[in-house]
Structures are given as C-alpha cells and as structure tokens.
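>>> Below are the sequence and a predicted model; questions follow.
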Amino acid sequence: MSPFASYLTLGFQHISDLEGYDHILFLIALCAVYRLKQWKDILILVTAFTVGHSFSLGIATFTRLNMETQLGAGISLSGVIEFLIPVTIFLTAISNVIRNQETLTPAKMRIQYMAAAFFGLIHGLGFSNYLQMILGREESLFTPLLAFNLGLELGQVMIVGILMLITWIFLDYRRMAHRDWILFVSGAAAGVAVVLMINTRFW
C-alpha cells in the first residue's frame, strides 16, 4: 500500500472508529435538525466544519505543535482540547433545542456556518494529536496531511449519509414529528456530552 493510501485509510478509520465517538457525536448533533431534502444546507454546514478542522489540523501538523505543551498548573493543551470537544457537542445540541428551525433566516444560517467552522478548529486540534503520533519523522508532511484529511472527509460523508438515512426513516417513513426527533437526538447528544465533559475536565 502506498503512503498516500495508508494515510487515507488512517484518516477514514480514525473518524469512523467507534472508540473515537466524540467526533461522530458532534456530527449527529450538527445534523439533528435537518431533513434529507435540506441536503444543500447540510453540505454547506459540513463543509464549514471541514474547512475549520482542516485549517487547524494543517497548522498544528506543519508547525509540529506539541499537544502536551503545559499551560500551567499541570494543564496540558491536549487536556483542554479533549474537554472542549464535548463542549462543542453540548453547545450544538442545546442550540438545536432552543432555536426555531422554521424561522432560520439566511443571516442566522451564516451564524450556524461560522459556528461549525469555529468548532471545526477545535476538532482539528483533536485530530492533530493522533496524526502527529503516527507521522513519526516523515520528511514530507504535505502528502500525509492531504491523504489523512481526505480520509477524514470520506468517513465524514459516510457518517452523515447514514445519519440522514436514519432521519428519513423516522421522519418521512415512520412519520415522527420533526420537533420530537430534534429533542430526542439533541437531548441524547447533550447528555453524553455532559458525561464526557465531566470525565475530561482539566481542573
């Protein structure tokens, strides 16, 4: 297997690995308010998240950012990032519950896109912790980074596709009320996020 294919596979496996379910949980919360027919909005939203995490992953990798950097009082950068990832899940889930999906204006959607991109920056630093561990002493970082990012995106597209199929089954086939679906999925995501926040707190 070529180095490109190897890193592509690693990226795909990393985001689709159920042991790293925090990233999957974020995608679940991110897509919880959308129907399959809103695929354009979903595509833009997920792309914004992609841009965010690709940017921070690239910066962290090229600068060889040490995720174990101590920020003081025994707190490491990786520890803060591990805590902030479930925070992004919790905030996304709560936003789903309190906002009125039917009155989302273009201006409000732009805010959603910016929030997804910002949260993507945080998740990208989480990805970089794993990527830098497997990079070792690779002389060229461009090819591994590109392949790993593409692998992440392939896994992400697969996950979102599965999520929207499940959503279609419940909303369009089983005729579940959209608001009930949002509350169920977002409530579950928020609950798991709280547990993760407690388990990863850095103070």
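Nice, thanks for sending it over. Numbering: from 1, shown residues only.
>>> The lengthiest helix in the chain - contacts with which helices or strands?
Ordering each helix of the chain by length in residues (DSSP state H) puts helix 106-135 first. Packing partners of helix 106-135 (3 or more CB pairs under 8 Å, 6 or more residues apart in numbering; DSSP states H and E): helix 3-16, helix 21-31, helix 39-62, helix 77-98, helix 142-168. Bear in mind the C-beta positions are built from the backbone N, C-alpha and C, glycine included.
>>> Could you tell me the angle between it and helix 39-62?
Here helix 106-135 points in a direction 40 degrees away from that of helix 39-62 (axes from the mean of the first three to the mean of the last three CA atoms, to 10 degrees).
>>> For the lowest-mean-pLDDT helix or strand in the chain, what is the distance to the chain centroid?
Taking mean pLDDT, DSSP states H and E as the measure, the chain has strand 70-72 as its least confident helix or strand, at a mean of 86. Relative to its parent chain, strand 70-72 has a centroid offset of 25 Å by CA atoms, centre = their mean, to the nearest Å.
>>> Look at the nearest residue to Asp22 once chain neighbours are set aside and say how many residues are nearby.
Leaving aside its chain neighbours, Asp22 sits nearest to Ile85 (5.2 Å; criterion: CB to CB, 6 or more residues apart in numbering). Neighbours of Ile85 under the rule other CB atoms under 10 Å: 24.
>>> residues touching Ile85, list them.
Counting by CB atoms under 8 Å, 6 or more residues apart in numbering, Ile85 makes contact with 22-23, 26, 122-123, 126, 196, 200.
>>> helices or strands up against the helix or strand hosting Ala190?
Assignment of secondary structure by DSSP states H and E places Ala190 within helix 178-200. Applying 3+ CB pairs under 8 Å, 6+ apart, we find helix 178-200 packed against helix 21-31, helix 77-98.
>>> Tell me which of the ones you listed is the most buried.
Here the criterion is mean neighbour count by mean count of other CB atoms under 10 Å, and of the helices and strands packed on helix 178-200 the winner is helix 21-31, at a mean of 22.
>>> Where does pLDDT dip in the protein?
100-104, 136-138 (pLDDT under 70).
>>> May I see the buried residues of stretch 152-170?
By neighbour count on 16 or more other CB atoms under 10 Å, the buried set for stretch 152-170 is 152-156, 159-160, 163-164, 167, 170.
>>> With stretch 49-68 instead?
Buried residues in stretch 49-68 (16+ other CB under 10 Å): 49-54, 56-58, 60-61, 67.
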